[in-house]
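> need a structure here:
(chains A and B)
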Amino acid sequence: MLKVKSAVKEFSGFRAVDECSFEVEENTITGLIGPNGAGKTTMFNLIAGSLDLDQGEVYFSEQKVNNFAPHQIARLGLARTFQIPKTLKKMTVMENLMLVPSGQSGENLWNSWFNSAKVSKEEEIVEAKAYETLEFLELTHLADEMAVNLSGGQKKLLELGRALMADPELIMLDEPGAGVNPTLLNKIAENILKLKERGKTILLIEHNMDLIMNICDRVIVMNDGKHLVEGTPAEIKRNPRVLEAYLGEKTA
Amino acid sequence: MTFAGVFSYLVFFLIFAGIYAVMTLALNMQRGFAGLFNIGIAGFWAVGAYTSAIMTKGPSPDHLGGFGMPFIIGLLAAGIISSLLAFLVGIPTIRLREDYLGIATIGIAEIIRLVIKNEAWLTNGVRGISAIPKPLAGSFGSNYNLFFLMIVVLVIALFYYLSEKGINSPWGRILRAIREDEEVVKAVGKNVVRYRMEAFVLGAFMMGVGGGLYAHFTSFISPEAFKPMQATFLVWIMLIIGGSANNFGSIVGAFLTWGIWTGTEFLTGMLPAAYTTQAAAIRVILIGVFLEIILLNRPEGLFGEKKYSSVSTADR
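Okay, the predicted model is just below:
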């Protein structure tokens, strides 16, 4: 599904991602963990096209996507969320979701002006889909609320909703559980599992180890921009190198 | 002053204010909805005005021309050439952050003004183009300006309608989303550059048409008319006063600001002739004070941002 080959990204001499390689299998939940500054979010940005690779390759569904712009990769079926939720503040929750689907004919100004019938017909379908997504996330009561008025956790859910609206193959979630209360966290975990049941592939960055251990099929550990180890959650839990990376111990 | 005199002045006033309203609607499309920082309105205005003048005039030894096209073709050409210019300016600059786009546009506007000033074969240079034909001239006698006002109102109505319809559509939803957060829009697979360019070009089209109206109404244009104060910053003041991202506010802002601007002309006209130079500066100061008062009391402008939405919430 997703393959990263010796990816390198430098920021003025500092190697945030250093010769990192890994693969994500289809229809799995893969966790990407590591201490702060390990290069996880940078890796996300490289995959999603928000940053350009200095070296290495990224393949998405067998296709090399190194030089793709973010919107081009998104169209191939990759959806992502952001570490700090980004919402369209002065737009309603509904509009935040309705923005997403690709190929809406009303996105063409000419159609919106002169082909209202077709556009409003499509809008009904998109609106129904957005409403379904809100039902899935149990946010229907907020449909007409401005996104700026949502709580932190609700914004996280809205991000997830936006990823769902794209009907992607691969969903990359950047700390879906950060700053979220335990009840909501359980709900997010449930939703992620439901997505897997629907055949989606999920790659997530997370610091909450319970969440990682409970839902992930595989876990990849990054440290200092490098691929440290990977395995099942149980294997990772026992691995002394992971503990070392987190606690900052250096073996002489 | 007789009633007829007052009435004819009022019509004259409304035509000018109306042309400014076209410009403000155009700037609102670029700035209010797409967040594009265009401070080179004068350039697009001038290109529109000169295009329409050259297209519609008969042959003249002083400048390019002799096409003798009808008024409506002149206006369309004005819009098209102005959009084309926006497209060309946009290719290198539309990706830039907003302040850089601002610098680029003000530079372009000055370049255009200097080209008009110096390329006499095209524009008759500083002497300007005169005797620009008025549509259906002579048909309405002393009520001619009233007829022209109708044309201006029609153009405003058309642009208002298209702008509102556009911004409440899925197209406008993307545009508003870009203004809120570009990264989100890219992440869901939309080509941000394309939409910013479309808004820029569409706004420039309106500005070109507004420029055409201006040329035909005044019948005379010269580079002097397209200096930044009157042709760019006054439009910005109108948008800010009426409220950015609000088409209705844009129109009201234009009429109100034009009222105050011409009002200051009356005031400074009462000064002794020796103070003519100072009077011009006083007008700018007065309009600045007016802007300050509005901004201190209503930071969002008189009408503030309108809640636009592609979703009608009533039917759920």
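> use CA for all of it now, contacts and neighbours both
OK.
> I'd like to know how many residues surround residue B:68.
For residue B:68, the neighbour count with other C-alpha atoms under 10 Å in any protein chain shown is 16.
> what sits against it?
Contacts for residue B:68 (C-alpha atoms under 8 Å, 6 or more residues apart in numbering or on different chains) come out as B:55, B:56, B:57, B:58, B:59.
> Quick one: name the residues of the stretch 151-300 of chain B near chain A.
When proximity is defined by C-alpha under 8 Å from any C-alpha of the partner chain, the stretch 151-300 of chain B lies next to chain A at B:162, B:165-166, B:169-174, B:177, B:180-181, B:184-191.
> Centre of the chain to stretch B:293-310, how far?
The chain centroid and the centroid of stretch B:293-310 are separated by 20 Å under C-alpha atoms, centre = their mean, to the nearest Å.
> end-to-end on stretch A:84-94?
The first and final residues of stretch A:84-94 sit 20 Å from each other (C-alpha to C-alpha, to the nearest Å).
> can you tell me the average pLDDT over it?
Regarding stretch A:84-94, the rounded mean pLDDT is 92.
> That one and chain B, any residue contact?
Yes - with C-alpha under 8 Å from any C-alpha as the criterion, chain B is reached by stretch A:84-94 at A:86, A:87, A:88, A:89, A:90, A:91, A:94.
> Restricted to helices, list the residues you listed.
Counting by DSSP state H, the part of those found in helices is residue A:94.
> Find the closest residue to chain A in chain B.
Nearest residue of chain B to chain A, counting by C-alpha to the nearest C-alpha: residue B:189, 3.7 Å away.
> Could I get the contacting residues of that residue?
Applying C-alpha under 8 Å, 6+ apart to residue B:189 gives the contacts A:70, A:71, A:72, A:73, A:74, A:75, A:100, A:102.
> re earlier: tell me which of the residues of the stretch 151-300 of chain B next to chain A fall in strands.
The members of those all map outside strands under DSSP state E.
> out of the residues you listed, which are buried?
Of the members of these, the ones counted as buried by neighbours, 16 or more other C-alpha atoms under 10 Å in any protein chain shown, are B:165-166, B:169-174, B:177, B:180, B:184-191.
> picking that back up, and the residue of chain B closest to chain A, how far from residue A:166?
Distance, residue B:189 to residue A:166, using C-alpha to C-alpha: 9 Å.
> Give me the common contacts of the two.
Counting by C-alpha under 8 Å, 6+ apart, the contacts common to residue B:189 and residue A:166 are A:100, A:102.
> Dump the residues of stretch A:84-94 next to chain B into JSON lines; add neighbour count as well.
Formatted as JSON lines, the residues of stretch A:84-94 next to chain B follow (neighbours: other C-alpha atoms under 10 Å in any protein chain shown):
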{"residue": "A:86", "neighbour count": "19"}
{"residue": "A:87", "neighbour count": "25"}
{"residue": "A:88", "neighbour count": "23"}
{"residue": "A:89", "neighbour count": "16"}
{"residue": "A:90", "neighbour count": "19"}
{"residue": "A:91", "neighbour count": "23"}
{"residue": "A:94", "neighbour count": "26"}
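> correct me, but residue A:88 touches residue B:180?
Yes - counting by C-alpha atoms under 8 Å, residue A:88 does reach residue B:180; the two are 5.3 Å apart.
> Tell me which other helices or strands the longest helix belonging to chain B touches.
Longest helix in chain B, counting residues (DSSP H): helix B:192-218. Under the contact definition 3 or more C-alpha pairs under 8 Å, 6 or more residues apart in numbering or on different chains; DSSP states H and E, helix B:192-218 sits against helix B:3-27, helix B:41-56, helix B:71-93, helix B:144-167, helix B:170-180, helix B:182-187.
> Turn these into TSV, including mean pLDDT.
Shown next, in TSV, are the helices and strands packed on helix B:192-218 (pLDDT from 0 to 100):
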stretch	mean pLDDT
helix B:3-27	94
helix B:41-56	95
helix B:71-93	95
helix B:144-167	96
helix B:170-180	94
helix B:182-187	91
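> Which among those helices is found nearest to residue A:107?
Residue A:107 lies closest to helix B:170-180 among the helices and strands packed on helix B:192-218, at 4.2 Å (C-alpha to C-alpha).
> Now do that closest one: distance to the chain's middle.
Distance of helix B:170-180 from its chain centroid, counting by C-alpha atoms, centre = their mean, is 22 Å.
> Taking helix B:144-167 as reference, get the angle to that helix.
80 degrees (axes from the mean of the first three to the mean of the last three C-alpha atoms, to 10 degrees).
> give me phi/psi at the residue nearest the centre of chain A?
Geometric centre of chain A, nearest residue: residue A:172, 2.3 Å, by C-alpha atoms, centre = their mean. For residue A:172, the backbone dihedrals (degrees, to the nearest 10) come out as phi -110, psi 120.
> is it true that it touches residue A:202?
Yes - taking C-alpha under 8 Å as the definition, residue A:172 is a contact partner of residue A:202 at 5.9 Å.
> Buried deepest among the helices and strands packed on helix B:192-218, which one?
Among the helices and strands packed on helix B:192-218, ranked by average contacts under mean count of other C-alpha atoms under 10 Å in any protein chain shown, first place goes to helix B:41-56 (a mean of 29).
> just to revisit the earlier point, and the residue of chain B closest to chain A, how far is that from residue A:87?
Residue B:189 sits 16 Å away from residue A:87, going by C-alpha to C-alpha.
> Likewise for residue B:306?
For residue B:306 relative to residue A:87 (C-alpha to C-alpha), the value is 19 Å.
> who in chain A is up against chain B?
Neighbours of chain B within chain A, by C-alpha under 8 Å from any C-alpha: A:48, A:70-75, A:79-80, A:86-91, A:94-95, A:99-102, A:104, A:106-109, A:112-113, A:144, A:162-163, A:166.
> In PyMOL, select just the buried ones from those residues.
Here is the PyMOL selection string for the buried members of the residues of chain A next to chain B, based on 16+ other C-alpha under 10 Å:
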select buried, chain A and resi 48+70+71+72+73+74+75+79+80+86+87+88+89+90+91+94+95+99+100+101+104+106+107+108+109+112+113+162+163+166
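> Restricted to strands, list the residues of chain A next to chain B.
Filtering the residues of chain A next to chain B for strands - DSSP E - leaves A:79, A:80.
> Indicate the residue of chain A located nearest to chain B.
Residue nearest to chain B within chain A (C-alpha to the nearest C-alpha): residue A:71, separated by 3.7 Å.
> Not counting its neighbours along the chain, what's nearest that residue?
Excluding the flanking residues, the one nearest residue A:71 by C-alpha to C-alpha, 6 or more residues apart in numbering or on different chains is residue B:189, at 3.7 Å.
> Look up how far residue B:289 lies from that neighbour.
Distance, residue B:189 to residue B:289, using C-alpha to C-alpha: 45 Å.
> Also residue B:233?
Distance from residue B:233 to residue B:289, by C-alpha to C-alpha: 14 Å.
> Which of the three states applies to residue B:294?
Put simply, residue B:294 is helix when judged by DSSP: H, G, I helix; E, B strand; the rest coil.
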